[in-house]
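[1] only geometry, no sequence info:
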């Protein structure tokens, strides 16, 4: 396993699993949220995002977490392992709410700088 893709609902534990596997397997962890979002929750333009994904997937080995459906085909085509976290909605929702309050007003470790969590519960698929 040299290119591991972790996907699933928000709050499923993608980033947590990626960090833990990265430590165990000594692989680089790529949190897509940290690459997609710019300071102040500004989205990366679509063409630039496609280029970033191309570059990231060319790396020799990685664990990559995040959904971003618009680039899933590219990531699936190079991943040698896919982990799909499929947990009940209520569990994922409770984790999202906990995360929002745990990191309220600050950026969480797997997020881009200057993208503080807020109590808003909005899910988007890029």
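    Nice, I can see it. What you see is a predicted model, and the numbers here were worked out from it, not measured in a lab. Numbering: from 1, shown residues only.
[2] mind listing the strands in the chain by residue range?
    Per DSSP state E, the chain carries strands over the ranges 3-8, 29-31, 37-38, 42-43, 62-65, 81-85.
[3] for the residue nearest to residue 61 when sequence neighbours are not counted, what are its contacts?
    Residue nearest to residue 61 in three dimensions, not counting chain neighbours: residue 2, with 4.1 Å by C-beta to C-beta, 6 or more residues apart in numbering. Backbone N, C-alpha and C define where each C-beta goes, glycine included. By C-beta atoms under 8 Å, 6 or more residues apart in numbering, residue 2 lies in contact with 27, 60-62, 80.
[4] Buried only: go through those for me.
    With burial judged by 16 or more other C-beta atoms under 10 Å, the buried subset of the contacts of residue 2 is 27, 62.
[5] In TSV, list the contacts of residue 2 along with distance to residue 34 and pLDDT.
    What follows is those, written out as TSV (distance: C-beta to C-beta, whole Å; pLDDT from 0 to 100):
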residue	distance to residue 34	pLDDT
27	16	98
60	20	97
61	18	98
62	13	98
80	23	98
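[6] Dump the contacts of residue 2 to JSON lines, plus distance to residue 35.
    Shown next, in JSON lines, are the contacts of residue 2 (distance: C-beta to C-beta, whole Å):
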{"residue": "27", "distance to residue 35": "16"}
{"residue": "60", "distance to residue 35": "18"}
{"residue": "61", "distance to residue 35": "17"}
{"residue": "62", "distance to residue 35": "12"}
{"residue": "80", "distance to residue 35": "21"}
